[in-house]
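Chemist: need a structure here:
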Amino acid sequence: MLTSPEIQKQICEACAEETKKVILAEIGDKKFAIIIDEARDTSIKEQMALILRFVNNQGQVIDRFLGIEHVTDTSSSSLKQALDGMLSKHNLSIKNLRGQGYDGASNMRGEFHGLQRRILDENPYALCRLQLMWSAVLEVLENVCQDATNLAQRTTATGLLEKMESFEFVLVLHLMIKVLGKTNDLSQCLQKKDQNIIRAIGLVGVTLQKLNEIRHHGWDAIFEEAKDFCLKHNIVVPDMSAEIVRRGCSRGRRGQLVTYYEHLHHEIFNVVLDQVIVEFNNRFAERSTQLLRCVACLDPSNSFANYDEDKLVELAQIYVDDFTEYDCIVLRDQLDTFITEGREDSSFLSCCDLGNLAMKMVKTDRHTVFPLVYRLIELALILPVATATVERAFSAMKIIKTDLRNKMGDEWMSHCMICYIERDIFASIEDRQIIEHYQAMRTRREQIPKTRNISIVDESNLSN
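Modeler: Numbers count the residues shown, from 1 in each chain. This is a model prediction of the structure:
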């Protein structure tokens, strides 16, 4: 009775809607932040994913997936329109929105499309493995060139062999190992579900300093490493004084000539690092960094060693909708009392970050005694520092919508993703609630017995 594709989709929709009800009830009238990104699914359709970030009643930072929305293009206006529609559909008030997080290089924020994501998501140790397994990789490519029956595979393998056995490729490989190695600690910190904002802000300054050091003083070392690698693996090192046409120019139109050394140094090394540093500064702009420095003053580590009352009041003044001038005056007294009590209370010694501090305040009922302090901590916790959560949603999308299921409708895929990503909530929903929601969706010829267990999704029908 419940095996037809249409009914399976309706049951899946009922499951997703009941899951969203729990999520929206959990948020209630709390302040929240949104994390948004866009990506293409397997059928080359642009999809925008929305994550809500908030602090629950226990003081825990929660990220919840609300759904995806197909957008006709990735312009900022189309993404904004889709966002407004999703918030309105779920009755989420824009007045409670306190933060917005986007992929740093998407159309919403940057100009160098995708650079930020590639830098943050790439694992530098994958490139290290390529370096260590160099000979084995070349051997495999040679075997593909000789044995592959597919012309496209042989052509690709031949092109890769030629590209890999060039000095320019080797130089770029060593450059990216160095750059990604310096950014890896910050990347891993930002991608953790339990993000430590205090540690992140410390790593931001150190990472930017290291990148600038590579930009100004790292060329010679990377250049020599690349040459040594080429000599070891019998790769021809070209004459660095030989002249080639400047990148972007035509030799036939008498384009400007540069030496091969200048091409590698100025057109590759400098350009790559300049773009990374520019994107880094865009992602962590001065105002955003200052905001995080203020947040760092709430760090409970070492008996609130970083406590600075003036910076915390400055942080409160940024949120004009949450702190009046009178609140800022009262906040000073609450901060002073709270910090003094926190330093004397041994139970706070176990707090190592803001998340633990918020949970400890709720557990000891201090969030009602110091409401302005807790409000400040809550706003600090929902700051969307990174977009790792929404990237994980796109990973789920690839699992659900595959090449064999590339005809899935957008709504059905969104419903499946909600049940898959928020499966902890979905598992807690009783069958009775899903059955009642399914029955209420339209007039049925028969009523489903409330005590009967049903199969929620038949995977064999997902492609219909």
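Chemist: the domain parsing of the protein - what is it?
Modeler: Split into domains by automatic domain parsing, the chain comes to 5-103+390-461, 115-183+205-284, 287-381.
Chemist: Am I right that Thr42 falls within a strand?
Modeler: No - going by DSSP: H, G, I helix; E, B strand; the rest coil, the assignment for Thr42 is coil, not a strand.
Chemist: Was I right to think Asp322 contacts Ala380?
Modeler: No - in this structure Asp322 lies outside contact range of Ala380 using C-beta atoms under 8 Å: 11.6 Å. To be clear about C-beta, it is placed using only N, CA and C from the backbone, and glycine gets the same treatment.
Chemist: which of those two has more neighbours?
Modeler: Ala380 (25 against 15; other C-beta atoms under 10 Å).
Chemist: from what I can see that one touches Leu315, true?
Modeler: Yes - in this structure, Ala380 is within contact of Leu315 by C-beta under 8 Å, at 7.4 Å.
Chemist: Touching both of those two, which residues are there?
Modeler: With contacts defined as C-beta atoms under 8 Å, 6 or more residues apart in numbering, the residues adjacent to both Ala380 and Leu315 are Val295.
Chemist: returning to that earlier point: nearest to Leu190 among the domains of the chain would be which one?
Modeler: Taking C-beta to C-beta, domain 115-183+205-284 is the member of those nearest to Leu190, at 6.9 Å.
Chemist: So Ala39: helix, strand or coil?
Modeler: strand.
Chemist: neighbours around the closest residue to it other than its chain neighbours, how many?
Modeler: Excluding its sequence neighbours, the residue lying closest to Ala39 (C-beta to C-beta, 6 or more residues apart in numbering) is Phe394, at 4.7 Å. Neighbour count for Phe394, taken as other C-beta under 10 Å: 17.
Chemist: Strands along the stretch 51-200 of the chain, start to end?
Modeler: 61-70, 97-102 (DSSP state E, counting those that start in this stretch).
Chemist: deepest of these, which one?
Modeler: strand 61-70 (a mean of 22; mean count of other C-beta atoms under 10 Å).
Chemist: Give me the mean pLDDT for it.
Modeler: Strand 61-70 shows a mean pLDDT of 89 in the predicted model.
Chemist: One more: stretch 304-322?
Modeler: Mean per-residue pLDDT for stretch 304-322: 89.
Chemist: What of stretch 229-238?
Modeler: 92.
Chemist: C-alpha coordinates for that stretch, CSV please?
Modeler: Extracted C-alpha coordinates of stretch 229-238, given in CSV (Å, rounded to 0.1, in the frame of the first residue of the first chain):
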residue,chain,number,x,y,z
PHE,A,229,63.6,17.5,-6.6
CYS,A,230,64.0,17.7,-10.4
LEU,A,231,67.6,16.6,-10.3
LYS,A,232,66.7,13.7,-8.1
HIS,A,233,63.9,12.5,-10.5
ASN,A,234,65.6,13.3,-13.8
ILE,A,235,63.3,16.2,-14.6
VAL,A,236,64.8,18.8,-17.0
VAL,A,237,65.5,22.2,-15.3
PRO,A,238,65.1,24.8,-18.0
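Chemist: Poorly predicted segments of the stretch 101-250 of the chain, please.
Modeler: 102-126, 191-198, 248-250 (pLDDT under 70).
Chemist: all helices in it, in order from the N-terminus.
Modeler: 115-121, 124-132, 134-147, 151-164, 167-191, 197-217, 219-232 (DSSP state H, counting those that start in this stretch).
Chemist: who wins for proximity to Ile68 among those?
Modeler: Of the helices of the stretch 101-250 of the chain, nearest to Ile68 by C-beta to C-beta is helix 115-121, at 17.4 Å.
Chemist: Please, where are all the strands along the stretch 251-400 of the chain?
Modeler: Going by DSSP E, counting those that start in this stretch, the stretch 251-400 of the chain shows strands at 257-259.
Chemist: Where does pLDDT dip in it?
Modeler: 251-255, 285-288, 385-388.
Chemist: 50 - rerun?
Modeler: For the stretch 251-400 of the chain, no stretch has pLDDT under 50.
Chemist: From Ile329, how far off is Leu315?
Modeler: 15 Å (C-beta to C-beta, to the nearest Å).
Chemist: what's the answer for Asp84, then?
Modeler: Asp84 is 36 Å from Ile329, by C-beta to C-beta.
Chemist: Likewise for Ile201?
Modeler: Counting by C-beta to C-beta - Ile201 and Ile329 are separated by 27 Å.
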